[in-house]
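Trainee: No sequence on hand, only this structure:
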């Protein structure tokens, strides 16, 4: 079922504020690169709403970012773009 302008799909009403967690290899520019990818598809990602944490070994960084998801297709587009990055291990 498609979703446009607040129609319901699979129990979710869009647009909705959606948190996404991206886990990947820690590098000095990891956060900047992930936010750049996200902002291409969801320009409303706010730096103040990004929560970053490192693994115990500091090998991986987790970023949780919240944005306004317009539809299921919009979410799929963002997941695909993030997974295409060689720095990204997991997108939840």
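Mentor: Sure thing, it's come through. Only a predicted model underlies this, so the values are computations on that prediction, with no experimental measurement involved.

Trainee: By mean pLDDT, flag the weakest helix or strand of this structure.
Mentor: Lowest on mean pLDDT, DSSP states H and E among the helices and strands of the chain sits strand 8-9, with a mean of 52.

Trainee: Could you tell me which residues make contact with residue 16?
Mentor: Each residue near residue 16 by C-beta atoms under 8 Å, 6 or more residues apart in numbering is listed here: 68-69. In this view, the C-beta of every residue, glycine as well, is placed from N, C-alpha and C.

Trainee: Phi and psi next, for it.
Mentor: Note on residue 16: its backbone torsions stand at phi -140, psi 140 [degrees, to the nearest 10].

Trainee: That one bridge partners, please.
Mentor: Per DSSP bridges, the residues bridged to residue 16 are residue 69.

Trainee: ok, so what distance separates it from residue 44?
Mentor: Note on residue 16: its distance to residue 44, by C-beta to C-beta, to the nearest Å, is 12 Å.

Trainee: list residues touching both of these two?
Mentor: residue 68.

Trainee: Helices along the chain, start to end?
Mentor: Along the chain, counting by DSSP state H, helices occupy 30-41, 72-83.

Trainee: Now for the residue nearest to residue 83 when sequence neighbours are not counted: which residues touch it?
Mentor: In this structure, residue 83 finds its nearest non-sequential neighbour in residue 91, 5.7 Å apart by C-beta to C-beta, 6 or more residues apart in numbering. Contact partners of residue 91, counting by C-beta under 8 Å, 6+ apart, are 20-23, 79, 82-83.

Trainee: Residue 62 reaches residue 19, doesn't it?
Mentor: No: in this structure, residue 62 is not within contact of residue 19 by C-beta atoms under 8 Å, at 11.9 Å.

Trainee: which residue sits closest to residue 70, ignoring its sequence neighbours?
Mentor: The shortest distance from residue 70 to any residue other than its chain neighbours is 5.3 Å, reached at residue 15 (C-beta to C-beta, 6+ apart).

Trainee: so the one you found touches residue 72, yeah?
Mentor: No: Residue 15 is beyond contact range of residue 72, at 11.5 Å (criterion: C-beta under 8 Å).

Trainee: Report the mean per-residue pLDDT for stretch 76-84.
Mentor: The predicted model gives stretch 76-84 an average pLDDT of 97.
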